[in-house]
Structures are given as structure tokens and as C-alpha cells.
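Asker: the amino acid sequence is not available; the structure is as follows:
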């Protein structure tokens, strides 16, 4: 049974929501980020980057910086830019893209106890240092503003309930410059209880995006309980999450861009691949057509690689994945890329950026080689998580990408 906690969201007033809610800071270029900070007094970025206009700045990711985040957050609340709902509720959120795809799900508190019991399943390793940093951040600022993305198996009764709710006028309805429409409904007590009851039939959910945020929230709950606030129902025993039916997710590939060929000529590189891959030249840029096939741009020439059957271990949840096959048979032995997380010879390019994001750096001499992968499926992701295994780094690019500051969860 999946437990969703209703909560009193701190959120923007209706007239300012389009100005407050923001994509994560790292998704903006420096020029766009600076423009937003200069021109928009209400953007949530001013809270999470509180020293943008200060002459003397504190160290990044320091306790002093986090204290300033908390101070700026309190200022937004005091000024009435952010308000808190008077009673607990769940929140139905819909994000509709320019092509009409609707990401519809519910925002609520996900259970730390379920996370610890592996009823919220993981497929990605976390870095201890990043976990510790984000735990300290949450402990000092006292709020969570960016939901973890959790998927669950298709549930028709919940979909029908959502359809009934969305016939009503939403509390928020606005569009952003990326041509995405955002809508938010505050559920009544009755509908909140119906959603919570609907989740009782769901045995497990899966982290689609937000492994570090989930781990940090679980770590913080343990710290708070050690201080003597041992409670299974307090806000700290839950973390902000967006629960979405897995059939509504969009899973794209994460492609790879390699700066140099490890001293090999293009001909020598292709020769090194022949034992494990069938190689066919192609005349134009193209994506792979099926699993275990990848396309590559090698010094501006395109090829199609197909993994030979003997290197595909379908009995192992991870070894059969194309990102793992690429690492095991090309990146490590041929290109000497030993650690995908730290090696400066490799860069990861999300599939939503298209083939130009591979072709252009190679055409301008910034890289020599690009790999375009076939997207993984939700079934593959779940198989890895169900076996408590870890996927290769940057295996999936999952949409939707959620905004910060739309519904803020108060930790204590």
C-alpha cells in the first residue's frame, strides 16, 4: 500500500504563480539566469540564489548560504508572495506540452518509511557527499520545493477520478515560455481521501527522477528523530513528491559525446568494434531503430552499430541494457573511459536535444565521436529496481521535468 500525506502547501498567490515557479537553476544558461534575477522580483530563483546582488557572498553550499536561503524564503512569505493553505490537501497537477501530451498526477508527501522498506524503489546510486549537502540544506531551510518524480503502475480508477476533478476550474492555469501549460487543482477533503484510498491498492512506486532528494529526506528524518522528535506522522517522515501513472511518463535516451578517440584513428576505432558489433555506414544522421542498436557519428561520418547476440545477457537486468553494453564493450576497453562520473573525455547529452546536439560539437571540432542510444523502457527500469540493482549513470532522461516553488512542503 502506498501512503500519500496531505499537507498544507506554501504556494504562490494566483496572480504571481507564473512569476514564482521556475525550472531548476542548472537548466538555465548564465545569461538567462542573470536576466531572470534582474528583471523578476518574484522568481523562486531569488530564494535559492539569495546573494545574486550581494557584493560579498558566502561559500556555495555552506550553512551560511543556506541560512540566507531561509531568510529570503521568510521574506517572500512575509510579503504575501507565498501563502499557506489553511488545511491539509493533496494537489492534482497537469503539465501539457506543445504537442498535447498531458503529464497528470498528484502532489503529496511520500513516505520515508516506505522508502526505507524499498516500497519506493530505486535504480540509481547516490553520492554520499551530495546526499550530506542536501540533507544539511533541507535541515536549515526547513522546506522542500522541488518534488521527487515517482511513478506507479497504471491504475484506471485513479485516472477516472482525476478526469472528474479536472472538469472543475483549476486554482492555477498558466503557460511558460517553453510553451508548456501548467494547471493545479487543490483537492477537497473528500477527493483527497478518495485519492489516498486509491493508492492503497498500489504496492510500490518507483523513483523516476530525484534519487538524491529522496535519500536526503530519509537521512534528515533519521536525524530529526535522533533529536527526540520520533514520530511516524510528522512532516519530516514524508517528502514532497509528484506521483504519476507510469503510462504517462516519457522516457528518452541519454546519448554520449566523446572528445577524443584515445589515440586511435577512425579506421582503427571501427576495427576495434568489429568483434562485438555489426557496423554499417549510413548516409545521414539517424536514431537507432530498435534495442541493441546504436548510431554513431565518427568524425562527421555516421554508422549503425548492432550488438552481436553473444554479448547480450538477457538474463541479467543490467548487463542487457544498451548503456551498459556501450560501456562494457566500447567506452572502457577501446576508449579507456574508466569512470563515467568523473572522466572528462565523455559528456552526456539528453535525448530531448536531438541529433544536432551530437553533430554540431563534432562538426566544430569540440568532439570526435557521438553515440545515439535507443531509449530504455519503463519495464527495464522497473526490472532493475525490483532486483535492487543500479543502472549505469545517465541511462534515462525522464519527462516531465517539474518546476520548483509551485507547492512547497514544510518539513517541520
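Answerer: Sure thing, it's come through. Just so it is clear, the structure is predicted and the values come from calculations on it, not from any experiment.

Asker: C-alpha from now on. contacts and neighbour counts both.
Answerer: Noted.

Asker: residue contacts, the residue nearest the centre of the chain?
Answerer: In the chain, the residue lying closest to the centroid (C-alpha atoms, centre = their mean) is residue 209, at 3.3 Å. Residues in contact with residue 209, defined by C-alpha atoms under 8 Å, 6 or more residues apart in numbering, are 148-150, 398.

Asker: closest one of those residues to residue 97?
Answerer: If you rank those by distance to residue 97 using C-alpha to C-alpha, residue 398 comes first, at 14.1 Å.

Asker: about what we covered before: kindly reformat the contacts of residue 209 as TSV containing pLDDT, neighbour count and secondary structure.
Answerer: Output for the contacts of residue 209, formatted as TSV (pLDDT from 0 to 100; neighbours: other C-alpha atoms under 10 Å; DSSP: H, G, I helix; E, B strand; the rest coil):
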residue	pLDDT	neighbour count	secondary structure
148	97	24	strand
149	97	26	strand
150	98	25	strand
398	95	18	strand
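
Asker: show me what the helix or strand hosting residue 107 is packed against.
Answerer: Element membership for residue 107 (DSSP states H and E) is strand 102-111. Counting by 3 or more C-alpha pairs under 8 Å, 6 or more residues apart in numbering; DSSP states H and E, the packing neighbours recorded for strand 102-111 are strand 4-5, strand 91-96, strand 238-245.

Asker: strand partners (parallel or antiparallel) of the second one?
Answerer: For strand 91-96, the paired strands and their directions (DSSP bridges) read strand 102-111 (antiparallel), strand 181-186 (antiparallel).

Asker: same deal with the shortest one?
Answerer: When sheet partners are counted by DSSP bridges, strand 4-5 sits next to strand 102-111 (antiparallel).

Asker: name the residues that touch the strand it pairs with?
Answerer: By C-alpha under 8 Å, 6+ apart, strand 102-111 touches 3-7, 90-96, 147, 162, 237-245, 248-249, 400.

Asker: average model confidence for it?
Answerer: For strand 102-111, mean pLDDT rounds to 97.

Asker: that strand versus strand 238-245: what angle between them?
Answerer: Interaxial angle of strand 102-111 relative to strand 238-245 (axes from the mean of the first three to the mean of the last three C-alpha atoms, to 10 degrees): 150 degrees.

Asker: quick one: name whatever helix or strand follows strand 102-111.
Answerer: Next helix or strand after strand 102-111 toward the C-terminus (DSSP H and E): helix 112-116.

Asker: can you name the element that comes right after that next one?
Answerer: Where DSSP H and E defines the elements, the next helix or strand beyond helix 112-116 is strand 120-121.

Asker: what's that following strand packed up against?
Answerer: Packing partners of strand 120-121 (3+ C-alpha pairs under 8 Å, 6+ apart): strand 205-209.

Asker: which helices and strands does the helix or strand following the strand it packs on pack with?
Answerer: For strand 205-209, the following helix or strand on the C-terminal side (DSSP H and E) is helix 211-226. Here helix 211-226 touches helix 112-116, helix 128-141, strand 148-152, strand 238-245, going by 3+ C-alpha pairs under 8 Å, 6+ apart.

Asker: by mean pLDDT, point me to the weakest helix or strand of the protein.
Answerer: Lowest by mean pLDDT, DSSP states H and E among the helices and strands of the chain is helix 30-39, with a mean of 90.
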